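Student: return atomic coordinates for the entry below.
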Amino acid sequence: MSRLTVAPHNPTVAIIGGGFTGATVAAHLASGPALPPGTRIIVVEPRAALGQGLAYGATDPAHRINVPAGKMTMDPERPQDFEDYLQATGAAAHDADLIGRDGLPYPQRAVFGAYMAARLAPLLAAGQVEHWQTRVRALKALASGYRIDGEDGRALTADLVVLAVSHPAPALPRGFEALRGAPKLIADVTLPDALAPIETEDRVLILGNGLTSADAIASLARQGHRGPLLSLSRRGLRSRAHGPAGQAAYGAFADGPRTSASTLLRDIRQTIRQAEREGLTWHAVIDAVRAQGQTIWPGLPMAERRRIVRHLRPFWDVHRFRIAPQVDDVLRRATDAGRLQLLAASVASVDHQDGVYRLQVRDRRSKTLRQVEADAVIVTTGPAHGGILESQPFLADLAREGLLQPCPTGLGIACDQDGHPLAGNGRPVEEVFIAGPLARGTVGELMGLPQVTDHAVFIAAQLRARLLKHRESSAA
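Tutor: Residues are numbered from 1 along each chain as shown. Have a look, this model is predicted:
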């Protein structure tokens, strides 16, 4: 077996996952204050370019970033960095639909992915960051450090490991497991050309009604689909559009501890009513909750966090995860034309015969059953949070060794406030860090920029401190 050779005196940081989070951790670690001599930063990522991942590696021009370009950056000290990139490269000039109806730019996601790759390129060229282009096959704790085996047959021993991986893919809903592989059952829309089998006049059932559902509808519109669309979710909610441009965040929710979900919800509702009296919309209040989320969340007891995830998360998600105006326009046109309908219901049974999916669904309000027929089914129900530790072999390796456990909230991996995963005995695993959305259950709001950027900067600072401490202890 060939080996990525690392001399014993060279401290090595391995970042597993080179999407936005992993690339941003690497960039801030490499470009910040000096590290111990010989430090290597190796990002393990199977894609050809760093910084893109599932979200920003998208090539469909119908997929746009969901917030204005001015709120997207990998460097909190340079908030206009992405907008500067757009101007410098002329990327904005080649997108006729760049400007939303609020007058702000919402570039295609692939453009943001190109921005990330451009910002990483100098660090890669200088050798400050290395890209090991492979998937991790196995990860094992050693007496000192961790051994990482790649699918390319090479191996690496690292002193510190950062897990910056994505959420797992959606699981097939109950009743659909037996139909896995059936024609036009699209179980993962993130795969290349996933929607290609859907024909122009097909009746399409979409399971789930969040951001991924909106992306799927936008993609279908771009490829000329004209058939009826039925979007089914338990509550019949869909992601909201952005509010008026220029509203500042409104509300103070981190002044004192909120010890219950009901108290927090009451405060949010009261603040929305006050904001509306002052001519603002609910968007400004939700923006304030989001900005203060990493202060609010740790103050809530675990039981209350679990209540929020179980009962309030669907309502939070559709207000917090807003869609670009261009995508919202697609949904509005389909709704106005009578092609898109939303249904609050659950699937009671499903059958597939003669190319047709026949479902019995239970209406949320009336509790009655109705039959739904579709030629194609698209699953957009969101990540299978409960299966995170089984979603990738190396996570399962660490879980079997007792070094990882799922977060009690049901969101990601259990970790402490410093980013260390909590072992089965409750103690932090000091040489490992969780970066990005998989730390959401501990940190709180951690699913979009700028919070993911801030957390990546924080993890980079933690890594630097640990590397410097190790150098001092070795010299003593």
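Student: strands of the stretch 51-200 of the chain, start to end?
Tutor: Using DSSP state E, counting those that start in this stretch, the strands of the stretch 51-200 of the chain run over 130-132, 136-141, 146-150, 155-158, 160-163, 185-186.
Student: how about the ones you listed, which one is nearest D354?
Tutor: strand 185-186 (14.7 Å; C-beta to C-beta). In short, each C-beta sits where N, CA and C put it, glycine included.
Student: partners of that closest one in the sheet?
Tutor: Paired with strand 185-186 in the same sheet, following DSSP bridges, are strand 376-379 (parallel).
Student: past the partner strand, which element shows up next along the chain?
Tutor: Tracing the chain C-terminally past strand 376-379 and defining elements by DSSP states H and E, one meets helix 393-400 next.
Student: elements contacting the next helix or strand after that following helix?
Tutor: Scanning forward in sequence from helix 393-400 by DSSP H and E, the next helix or strand is strand 432-434. Judged by 3 or more C-beta pairs under 8 Å, 6 or more residues apart in numbering; DSSP states H and E, the packing partners of strand 432-434 are strand 160-163, helix 451-475.
Student: need the contact list for R364.
Tutor: Neighbouring residues of R364 by C-beta atoms under 8 Å, 6 or more residues apart in numbering: R234, R235, G236, A344, A345, S346.
Student: re the thing from before, which one of the helices and strands packed on strand 432-434 lies closest to S260?
Tutor: Across the helices and strands packed on strand 432-434, S260 has its closest neighbour in helix 451-475 (23.4 Å, C-beta to C-beta).
Student: for the closest one, what is the average pLDDT?
Tutor: Taken as a whole, helix 451-475 carries a mean pLDDT of 86.
Student: what lies in contact with that helix?
Tutor: Contacts made with helix 451-475 from outside it, assessed by C-beta under 8 Å, 6+ apart, are listed as 11, 13, 20-21, 24-26, 28-29, 32-33, 35-36, 39, 73-76, 159-160, 162, 290, 293-294, 418-419, 430, 433, 435-437, 439, 443, 445-446.
Student: show me which of the residues you listed are buried.
Tutor: Buried members of those, counted by 16 or more other C-beta atoms under 10 Å: 11, 13, 20-21, 24-26, 28-29, 35-36, 39, 73-75, 159-160, 162, 290, 293-294, 419, 433, 435-437, 439, 443, 445-446.
Student: in helices, which of those fall?
Tutor: Restricting those to those inside helices, with DSSP state H as the criterion, leaves F20, T21, T24, V25, A26, H28, L29, R290, G293, Q294, V443.
Student: go ahead and confirm the second one touches A164.
Tutor: Yes - shown here, T21 and A164 form a contact pair, counting by C-beta atoms under 8 Å, at 4.4 Å.
Student: shared neighbours, the two?
Tutor: Common neighbours of T21 and A164 (C-beta under 8 Å, 6+ apart) are A435, G436.
Student: residues in contact with the helix or strand of the chain with the lowest mean pLDDT: which ones?
Tutor: Within the chain, judged by mean pLDDT, DSSP states H and E, the helix or strand with the poorest mean is helix 53-56; its value is a mean of 83. Contact partners of helix 53-56, identified using C-beta under 8 Å, 6+ apart, comprise 17-21, 47, 109-110, 112-113, 116, 166, 190.
Student: looking at these, which are in helices?
Tutor: F20, T21, R109, A110, F112, G113, M116.
Student: which two of those have the greatest separation?
Tutor: Farthest pair in these (C-beta to C-beta) is T21 and A110. Separation: 18.2 Å.
Student: closest one of the ones in helices among the buried ones among the contacts of helix 451-475 to D60?
Tutor: The shortest approach to D60 among these belongs to F20, at 17.9 Å (C-beta to C-beta).
Student: quick one: the helix or strand harbouring Q270 to chain centroid distance?
Tutor: Assigned by DSSP H and E, Q270 falls within helix 261-277. In terms of C-alpha atoms, centre = their mean, to the nearest Å, the gap separating the centre of helix 261-277 from the centre of its chain is 27 Å.
Student: and stretch 73-88, by the same measure?
Tutor: Remark: stretch 73-88 is offset 21 Å from the chain centroid, using C-alpha atoms, centre = their mean.
Student: just the terminal-to-terminal distance for it.
Tutor: Taking C-alpha to C-alpha, to the nearest Å as the measure, stretch 73-88 stretches 15 Å from start to finish.
Student: which positions in that stretch come out as buried?
Tutor: Neighbour count says stretch 73-88 has T73, M74, D75, F82, E83, Y85, L86 buried, by 16+ other C-beta under 10 Å.
Student: tell me which two of the residues you listed sit farthest apart.
Tutor: Taking C-beta to C-beta as the measure, these reach their widest spread between D75 and L86, a distance of 15.2 Å.
Student: one step back: save the strands of the stretch 51-200 of the chain as a markdown table, and put in distance to I272 too.
Tutor: Below are the strands of the stretch 51-200 of the chain laid out as a markdown table (distance: least, C-beta to C-beta, whole Å):
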| stretch | distance to I272 |
| --- | --- |
| strand 130-132 | 46 |
| strand 136-141 | 45 |
| strand 146-150 | 47 |
| strand 155-158 | 47 |
| strand 160-163 | 37 |
| strand 185-186 | 37 |
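Student: winner for burial among those strands?
Tutor: A comparison of these by mean neighbour count, using mean count of other C-beta atoms under 10 Å, puts strand 160-163 on top with a mean of 26.
Student: and D328, what are its phi and psi?
Tutor: The phi/psi pair for D328 (degrees, to the nearest 10) reads phi -60, psi -40.
Student: across the sheet, point out what pairs with the closest residue to it other than its chain neighbours.
Tutor: Residue nearest to D328 in three dimensions, not counting chain neighbours: A241, with 4.1 Å by C-beta to C-beta, 6 or more residues apart in numbering. In this entry, A241 is beta-bridged to I323, by DSSP bridges.
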